[in-house]
Structures are given as C-alpha cells and as structure tokens.
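[1] fold the following.
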Amino acid sequence: MTEKNQSTLACCSPRENPAGLELMNRTLPMFTPPNEDGEVCCGPKQGPRSNLFEKPGYRIQSYVEDFITTPLGPVPKIKTRLDRRDLLGSFGVRVGFGRNDYKVAPGLYALGRPDSDSIVLVTANYKLSFDTLRKEMADMNAWLLVLDTRGINVWCAAGKKNFSSEEVISQVKNTNLEKIVSHRKLILPQLSATGVSALQVKKGCGFEVIWGPIRARDIKAFLSARYQADKSMRLVTFTLSERLVLTPVEGTQVIKPLLLVLLIMFILSGIGPGIFSLTDLWHRGLIAAVSVMLGVVSGMFFTPVLLPWVPFRSFSLKGAVTGLFFGLVLISLYFHPMNLLSSLALLLLIVTLSSYLAMNFTGSTPYTSPSGVEKEMRRAIPWQSAAAILGLIIWVVSAFIHPFI
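    Numbers count the residues shown, from 1 in each chain. Reported below is the predicted structural model:
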C-alpha cells in the first residue's frame, strides 16, 4: 500500500463504505500485543498487517487488488484476471448453484489506472456480467460504473426495468461521477437499451449515453474504432455453444420435480388387477422412469440442440415435436412387450414433459419477448396439463386391460 493511498483513508468518514467493501457477519478476534521477541500468546510471530481500508465487520473482496486516489476518496481497483474463486463461482452459477445471490456491490470501480479523461463503462452487478467485462479489459484504463440490478444480468435486468434510466442516473449521482471524470459520456451495453432512455439519462444527470457492443469481447475493438460498431457487434447470435451453456441450469432446476414425478410413476405402476403389485411396480415402473427421463432430456437437451431444424416458432410445439420423435423411436426399439394403451400413455408423458421443458427454455433465448413467453405459457400449459393427466389415467387403466408381465 503506497503512502499516497494510506493518506487517502483519512479523507473517508467512518460512515462511508467504498465499493468493494461488503458486510461480513463475523466476530473479530481480540488482538494480543506481541512480547519483546515478537511473539504472541497463541503463535510464534505476527502475520502481515490487515489492509488499511478494511473496517470492522467488512472485508475487501478478492477481486479488489488495490485502491486509487480520486478527488472524492479511494476507489477500488479491480483485477482483470479471474482467479480460482471467480472460476469456481462461475461454474457453480452455470449449473444453478447460488444463481440468485451472485452479485457485487454497486458503485464505482477502477480498471487499470484511469484518470479524469478515461472512459466510463456501465454494467450490472450480476457477478458473471461483472467478471466477463473486467476479464476483457486487461491492459486498459477505465472506470466501471456498476448498477444495482438485484444480481440480474444486463439483458434480463433491462427487461425487468432494473437496468433502467433511473438506476443509471442514481448511480451517477451517488458516486459523484461528474467530479471524477472531465467528460460526460457513459458507454452502456446494447442489450440494456430496452430499459434505458438515452434522452432521459442526459436530462437526469447530464451524461450522454453511447451504446456499446453486445458482447464484452468486442469492447476493445469498439473503443479502437472510436465508438463505431460494425454489423457483427450489433448482431444477437444463438449458436449451439450458446444454447448448450444454458442447459445445466435448466437441469438443476428440474431435479426436485423430476424425483417427485418418478416417485409418482413408480407408485402408479404398481396398481393393477391385484390391487398393488411390487412386481409391476418394478417392471412397469422402470419403463415409466425411462420414458420420463427421455421426456426431460428431449425438452432440456435435444430441443435446444436441434432448435434451428425443428418446425414451428412456438417452443412448446418444438418440444412436443422433438418428444414425439424420440418417444416413437424408444417405443419401437424397446417397448415391444407393451400393449397399445401403455405405449400411448408413455408417449403422451414424453411429449408433455418435452414440451413443457422446452417452453421454459424460451425465456433464455433471444427469440421470444417477455410478453411472448407469457402468451405462449397461457396457451400451452392447459394443453400440457390435460395431456399429462390423460397419460397417467391411461397408464393405470392399461394395467387392468392388459397386464404387463
């Protein structure tokens, strides 16, 4: 820590909480002065001194590597290289763990060693968005203004009106940005345009909005071109890799409901002419479980993979078509011992599960607007519910008409 940075601390009042310091609920240990040999009662030697910017009950986050001096006091300087903790956190979020609370403190951060002429980039406080942007800003000097989007990514936050004109204006004023930079320009991600009015921001805080590229990896090229974006920087893509990266989250969300559905199918499979049969529960239950799993995989994996080639625009219909295809293949290959009613029942369940899970996937795509998603759900869910109930009834009835064993 430089002497210059140490002196900055005196400028902060005890009530201030610079960005990068987050509340930590823990009891601080009592400090015991060392003896003449530099030893303390519970250890041989003292460790390194605590960071001078830490305060009781707060800790400096791992992505903060230093603090720089500004006219308004210290601003945290963040790393542009992700460490193991960042990578593990990103992996956890990708598979659905801690997704609703993966966020950073809103406020002003520094990338590199920015000065009053450096650009100001605006992003969400969803940490995955925060990490993606800072990783692409290696060797660059810039200010990073993080909005309070409740831990939601840029696009979704704009749709929910959390990444909004009001929030941009609020953070500009809260950080006194006009006293830190000499220009009056903010670079916002293009995907935030649905929630932000450039005119309203200009009127509210005096800063001009410049729409940056869609992807963080294009930000350097965008800056080098003096804020000129080529066609590829404005084009929203949805490639196979971009579709598949969403499937782990869908998978973790369906685990609990899936276990309940499997339990129900096993129980219903045991009902038959003998009231309840453990033999039928096992044999019929296994076939039912395979069908349920196929419906889940069809809607969660095969539909996204085959998305451009499956007919219909509606995701519920896309999932139904995919489920119908794989259901017919499975029945033709493995379900020869079953009667027509049993096959029909399981086919209905496969199609319904595939349709429902594919419809859930639509909220993660650039194909459908939020209002379009709601409209499709209102139309599809009644049909999906009816098909599922009919499939369960036929499955139970088929055991009385033609026992499986």
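
[2] quick one: the helices in the stretch 1-150 of the chain?
    3-8, 84-94, 127-135 (DSSP state H, counting those that start in this stretch).

[3] pick out the shakiest of those, pLDDT-wise.
    Across the helices of the stretch 1-150 of the chain, helix 3-8 has the smallest mean pLDDT, namely a mean of 39.

[4] grab the longest helix from the protein for me.
    Across the chain, the longest stretch assigned as helix under DSSP state H is helix 370-401.

[5] so which bits of it are buried?
    The neighbour-count check on helix 370-401 (16 or more other Cβ atoms under 10 Å) flags 373, 376-377, 380, 384, 387-388, 391-392, 394-395, 398-399 as buried. No exception for glycine: its C-beta is placed from N, CA and C like everyone else's.

[6] sorry, back to before: out of the helices of the stretch 1-150 of the chain, deepest packed?
    helix 127-135 (a mean of 21; mean count of other Cβ atoms under 10 Å).

[7] can you give the domain ranges for the protein?
    The record's domain parsing of the chain by automatic domain parsing lists 63-236, 241-401.

[8] now the end-to-end length of the longest one.
    Between the opening and closing residues of domain 63-236 there is a gap of 29 Å (Cα to Cα, to the nearest Å).

[9] tell me where the chain has strands.
    Taking DSSP state E, the strands of the chain run over residues 21-23, 58-60, 64-70, 73-78, 107-111, 119-124, 142-147, 185-188, 208-211, 271-272, 275-276.

[10] for the ones you listed, give me TSV that also has mean neighbour count and distance to residue 332.
    Listed next are the strands of the chain as TSV, based on neighbours: other Cβ atoms under 10 Å; distance: least, Cβ to Cβ, whole Å:
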stretch	mean neighbour count	distance to residue 332
strand 21-23	15	57
strand 58-60	17	60
strand 64-70	19	59
strand 73-78	21	57
strand 107-111	24	58
strand 119-124	26	48
strand 142-147	24	54
strand 185-188	21	53
strand 208-211	17	53
strand 271-272	18	25
strand 275-276	8	30
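
[11] would you list those strands in a markdown table and tack on mean pLDDT and distance to residue 319?
    Listed next are the strands of the chain as a markdown table, based on pLDDT from 0 to 100; distance: least, Cβ to Cβ, whole Å:
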| stretch | mean pLDDT | distance to residue 319 |
| --- | --- | --- |
| strand 21-23 | 50 | 41 |
| strand 58-60 | 83 | 45 |
| strand 64-70 | 91 | 44 |
| strand 73-78 | 93 | 41 |
| strand 107-111 | 95 | 42 |
| strand 119-124 | 96 | 30 |
| strand 142-147 | 96 | 35 |
| strand 185-188 | 96 | 35 |
| strand 208-211 | 96 | 34 |
| strand 271-272 | 86 | 29 |
| strand 275-276 | 85 | 33 |
